[in-house]
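Asks: Dropping the sequence and predicted coords here.
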There are 2 protein chains.
Amino acid sequence: MSAVVVVHGGAWAMPEDLAKASVDGVKAAARQGSSVLKGGGSALDAVEAAVRALEDNPVFNAGHGAVLNAEGEVELDSIIMDGRTLASGAVASVKNIANPVSLARAVMEKTSHVILACRGANLFAESIGMATVPTDELVTENERKEWDKQKNYVTGVMENFNSQWAHDTVGAVAVDSDGNVACATSTGGIRNKMVGRVGDSPIIGSGGYADNLSGAVSCTGHGESILKVTLARLILSHVEQGKSVADSSQLSLQYMGDRVRGAGGAIVVSPSGQWAATFSTERMAWAAVDQDVLWYGLHPKEKLNEKLGQ
Amino acid sequence: MSAVVVVHGGAWAMPEDLAKASVDGVKAAARQGSSVLKGGGSALDAVEAAVRALEDNPVFNAGHGAVLNAEGEVELDSIIMDGRTLASGAVASVKNIANPVSLARAVMEKTSHVILACRGANLFAESIGMATVPTDELVTENERKEWDKQKNYVTGVMENFNSQWAHDTVGAVAVDSDGNVACATSTGGIRNKMVGRVGDSPIIGSGGYADNLSGAVSCTGHGESILKVTLARLILSHVEQGKSVADSSQLSLQYMGDRVRGAGGAIVVSPSGQWAATFSTERMAWAAVDQDVLWYGLHPKEKLNEKLGQ
């Protein structure tokens, strides 16, 4: 069977001036994930590589380019999960780490825990010799300006998800040629969030889930809404009951809108290579590589493609 | 319809010398929750009151009586959830708080977030004037001794869940006379856990979930295993498909054992007042008040009862 990787750069009402850079960014990340799969890497390797590419790109709210919290600090959340064993690792509210997804993977592989938070996550990073970066290196000039402008979180979140404007999460899902699935999600959260606020991204079953028996999901959107409906797990529950990955995503996002009035998006891949990128926000930059075709989109129902290598 | 409250004091291979105090403790907590319901309180009020009683009782690993982490500190996790709206609040790795469940409720009611971790949770506690207690007040003399004896987490968790010995989580679920359900879970985690380790207890869908459309669950057992299968959500998925709360619990615990070799327990209540207390460990102290009868047990299949008021 053919390996597939799908990535997203966040579901939100992205302003026009970020649109091109976001689409370029997700396309590059999907290519990155795909080349890992083509080189014989696992789904887990592919989602880590794709998410690292998104974290390294200051256009996206994860790693470099993250938003600032109420104290003007960067606190990052990330998860990674291996569908073979349900093994998972996550970090929550970690500071000064450029690639939280790789720290999450280390939590999964080098500890007997699943989630490490705050200072504990940083102590662990130090213990395995992971380099730290100064906050200023993670923050863009534009973010400093936006943060100064918008210091009220309540106003912010309303504007962001119920009408306009916010930076959001990145993520990737993949299936490799052995039929193993994996997911990874990473974010700086919501601008002006309270210190220690943990969103959906590092929470298993909400920001992501991967299970070789059903598929892998990475979610994005209003974190608190995603948490309330455990969106990743909800989507896979529908898949388990025989629905397609596209219908399962659509139904679950619709349910989240109806039940808790939250908007968001999700990417899903099944062990047999079915995939979907779905959202209820105005825009979500996404890209996928399936065989030799790079698919991508930004607006609802948009599904463009080009031959890989172009 | 009649209101019901069910509580647990943790699923683990509890040593004989704690058995009586644990059963007495869960019975007292169930009575506490029941008297809130009888006084016209909501399911949410009842689970908070019941869990506060368990947190205040040093026999249980939550609030007073919590275990120590690798640094010899107490870091507490808790969640509360309201099945009417799916509103939820949680604190992770919070220090010096006697009743984390009440702080979790404040996160739900006074912030626009769902989870606050570590220092951020403490800053929030301070901002709402919640009293702090010194670590030494939360720790029992016995715990200090056990911690000194058992400094290796890996040995610890093996002994605890795959054969013998550990303190564990407490929790409560309730349905009130309006058919609203709620859950709450609280814990000190695993002895010698890494700093910042977050277990299943504060994680929505894993340590607990409550939804008026299906029921409320509080879980206990090996946190990392519960997280991998998002146990609370898994149980309610079975309920949604028409299975009884008892069968749903049994099936899900069996699945957790088969898939990730983890043991644990769960209490569940449905909006119509069906309830179950189920575990795959050697023992779980639990108690329930249904109409005027107090039910309780400690060993598998044990279901004792006495008239309330005795």
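Replies: Arrived safely.

Asks: check contacts around residue A:40.
Replies: By CB atoms under 8 Å, 6 or more residues apart in numbering or on different chains, the contact set of residue A:40 is empty. Bear in mind the C-beta positions are built from the backbone N, C-alpha and C, glycine included.

Asks: Please apply the same query to residue A:309.
Replies: residue A:292.

Asks: Can you tell me how far it is from chain B?
Replies: Separation of residue A:309 from chain B (CB to the nearest CB, to the nearest Å): 39 Å.

Asks: go on, residue A:260?
Replies: In this view, residue A:260 and chain B are 6 Å apart by CB to the nearest CB.

Asks: Same question for residue A:133.
Replies: Residue A:133 is 20 Å from chain B, by CB to the nearest CB.

Asks: Check residue A:212 too.
Replies: Distance of residue A:212 to chain B, computed by CB to the nearest CB: 11 Å.

Asks: what's the closest non-adjacent residue to that residue?
Replies: Take residue A:212 and drop its neighbours on the chain: the residue closest to it by CB to CB, 6 or more residues apart in numbering or on different chains is residue A:83, 4.2 Å away.

Asks: got a list of what the one you found touches?
Replies: By CB under 8 Å, 6+ apart, the residues touching residue A:83 are A:43, A:180, A:181, A:182, A:183, A:210, A:211, A:212, A:213, A:215, A:216, A:271.

Asks: try residue A:111
Replies: Per CB under 8 Å, 6+ apart, neighbours of residue A:111: A:89, A:124, B:194.

Asks: So which of the contacts of residue A:83 belong to strands?
Replies: Those of those mapping onto strands are A:181, A:182, A:183, A:210, A:211, A:215, A:216, per DSSP state E.

Asks: Which stretches in the stretch 101-250 of chain A count as strands?
Replies: Here the stretch 101-250 of chain A has its strands, by DSSP state E, counting those that start in this stretch, at A:115-117, A:170-175, A:181-187, A:197-198, A:208-211, A:215-221.

Asks: and among these, the most buried is which?
Replies: strand A:170-175 (a mean of 36; mean count of other CB atoms under 10 Å in any protein chain shown).

Asks: what helices or strands is that one leaning on?
Replies: Identification of packing neighbours for strand A:170-175 by 3 or more CB pairs under 8 Å, 6 or more residues apart in numbering or on different chains; DSSP states H and E yields strand A:4-12, helix A:16-38, helix A:43-56, strand A:181-187, strand A:215-221, strand A:264-269.

Asks: any chance of those in TSV, with distance to residue B:1 and mean pLDDT too?
Replies: As requested, the helices and strands packed on strand A:170-175 are arranged in TSV below (distance: least, CB to CB, whole Å; pLDDT from 0 to 100):
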stretch	distance to residue B:1	mean pLDDT
strand A:4-12	40	94
helix A:16-38	51	96
helix A:43-56	47	98
strand A:181-187	41	98
strand A:215-221	36	97
strand A:264-269	35	97
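
Asks: min pLDDT across the contacts of residue A:111, which one?
Replies: Scanning the contacts of residue A:111 for pLDDT, the low point is residue B:194. It has 95.

Asks: That one touches residue B:70, doesn't it?
Replies: Yes - at 5.6 Å, residue B:194 and residue B:70 qualify as touching, with contact defined as CB atoms under 8 Å.

Asks: More neighbours: the two, which one.
Replies: More crowded of residue B:194 and residue B:70, by other CB atoms under 10 Å in any protein chain shown: residue B:194, with 22 against 18.

Asks: separation between that one and chain A?
Replies: Residue B:194 is 6 Å from chain A, by CB to the nearest CB.

Asks: who are the neighbours in contact with that residue?
Replies: Contacts here follow CB under 8 Å, 6+ apart; on that basis residue B:194 touches A:111, A:113, A:116, A:120, A:123, A:124, B:69, B:70, B:153.

Asks: so which of the residues you listed comes closest to residue A:221?
Replies: Nearest to residue A:221 out of the contacts of residue B:194 is residue A:116 (CB to CB; 24.5 Å).

Asks: Any idea what the closest one is bridged to?
Replies: residue A:91, residue B:197 (DSSP bridges).

Asks: residue contacts, it?
Replies: Per CB under 8 Å, 6+ apart, neighbours of residue A:116: A:90, A:91, A:92, A:94, A:107, A:124, B:194, B:196, B:197, B:198.

Asks: Now the last one: closest residue in space that isn't a chain neighbour?
Replies: Spelled out, it's residue B:198. Spatial nearest neighbour of residue B:198, chain neighbours left out: residue A:115 (4.0 Å); criterion: CB to CB, 6+ apart.

Asks: Export the contacts of residue A:111 as JSON lines, with columns for distance to residue B:236.
Replies: Putting these into JSON lines (distance: CB to CB, whole Å) gives the following:
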{"residue": "A:89", "distance to residue B:236": "25"}
{"residue": "A:124", "distance to residue B:236": "33"}
{"residue": "B:194", "distance to residue B:236": "30"}
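
Asks: I figured residue A:255 hits residue A:226, correct?
Replies: No - if you go by CB under 8 Å, residue A:255 and residue A:226 don't touch, sitting 11.6 Å apart.

Asks: quick one: which of these two has more around it?
Replies: Ranked by neighbour count (other CB under 10 Å), residue A:255 and residue A:226 place residue A:226 first, with 33 against 16.

Asks: To what extent is the closest residue in space to that one that isn't next to it in sequence buried, counted in neighbours?
Replies: Distances taken as CB to CB, 6+ apart place residue A:200 nearest to residue A:226, at 3.8 Å, with adjacent residues excluded. Residues contacting residue A:200 under the criterion other CB under 10 Å number 34.

Asks: what sits against residue A:200?
Replies: Residue A:200 touches A:206, A:207, A:219, A:223, A:224, A:226, A:227, A:231, counting by CB under 8 Å, 6+ apart.

Asks: What is the nearest of the ones in strands among the contacts of residue A:83 to chain B?
Replies: Chain B lies nearest to residue A:211 out of the ones in strands among the contacts of residue A:83, by CB to the nearest CB, at 9.1 Å.

Asks: Could you measure from the closest one over to residue A:205?
Replies: For residue A:211, the distance to residue A:205 equals 10 Å [CB to CB, to the nearest Å].

Asks: where are the low-confidence patches of the stretch 151-300 of chain A?
Replies: A:151-167 (pLDDT under 70).

Asks: Would you quantify the distance from the residue in it positioned nearest to chain B to residue A:69?
Replies: For the stretch 151-300 of chain A, the residue closest to chain B is residue A:196, as judged by CB to the nearest CB, at 1.6 Å. Residue A:196 is 9 Å from residue A:69, where distance means CB to CB.

Asks: Report the contact partners of residue A:234.
Replies: Taking CB under 8 Å, 6+ apart, we find residue A:234 in contact with A:252, A:255.

Asks: swap in residue A:85?
Replies: residue B:260.

Asks: give me that answer again for 10 Å
Replies: A:108, A:180, A:210, A:211, A:212, B:228, B:259, B:260 (CB atoms under 10 Å, 6 or more residues apart in numbering or on different chains).

Asks: what do you get for residue A:253?
Replies: Taking CB under 10 Å, 6+ apart as the test, what residue A:253 contacts is A:11, A:219, A:221, A:226, A:229, A:231, A:234-235, A:262-266, A:278-281.
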